[in-house]
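[1] sequence first, then the predicted structure:
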Amino acid sequence: MEQHRQGDVLLIRIEDSVEAFLRDGHRRSQATEAARGRIVLAHGEATGHAHVIESEDVALISARDAEELYLLVHGDAPVALRHEEHDTLDVPPGVYRVVRQREYPMERRLRDARGWGI
């Protein structure tokens, strides 16, 4: 299973072909096209910085009645996922489930108490 992670955003590849994903008749979804070529996958919890892809070759799909979000990368070339505090991540064409990984207060207290740092 191919995965890409940038900070608290995890992309899990579920399909190579965007077309095959969209043909699935059982999938009821709503597409969010790139607004002026810009899609925000998530806003940072502490800083407000965003995980952003600036490309006309992407769309976000959210499944109705579910907490699932999918990233569709069209075309032949990777797109750049950018964030002010992380290295740029090249995401190859395909379909990805977007998972927002959050830190909970108890995890931070345990980590800080054990001296694990950030």
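    Happy to help now that I have it. Source: prediction; values computed, not measured.
[2] hang on, isn't residue 2 packed against residue 10?
    No - applying CB atoms under 8 Å, one finds residue 2 not in contact with residue 10, separated by 11.4 Å. Glycine gets a C-beta too; all of them are placed from N, C-alpha and C.
[3] more neighbours: which of the two?
    Between residue 2 and residue 10, counted using other CB atoms under 10 Å, the more crowded position is residue 10 (15 against 11).
[4] identify the residues contacting residue 86.
    Counting by CB atoms under 8 Å, 6 or more residues apart in numbering, residue 86 makes contact with 6-7.
[5] just list whatever residues bridge to it.
    residue 83 (DSSP bridges).
[6] ok, it to residue 20 distance?
    Separation of residue 86 from residue 20 (CB to CB, to the nearest Å): 30 Å.
[7] one more: residue 52?
    Distance, residue 52 to residue 20, using CB to CB: 26 Å.
[8] burial of the residue nearest to residue 56 when sequence neighbours are not counted, as a residue count?
    Leaving aside its sequence neighbours, residue 56 sits nearest to residue 37 (CB to CB, 6 or more residues apart in numbering; 4.9 Å). Per other CB under 10 Å, the neighbour tally for residue 37 reads 12.
[9] so residue 94 touches residue 16, yeah?
    Yes - applying CB under 8 Å, one finds residue 94 in contact with residue 16, separated by 5.2 Å.
[10] between these two, who's got more neighbours?
    Between residue 94 and residue 16, residue 94 has the larger neighbour count (other CB under 10 Å), namely 19 against 13.
[11] fine, thanks again, bye for now.
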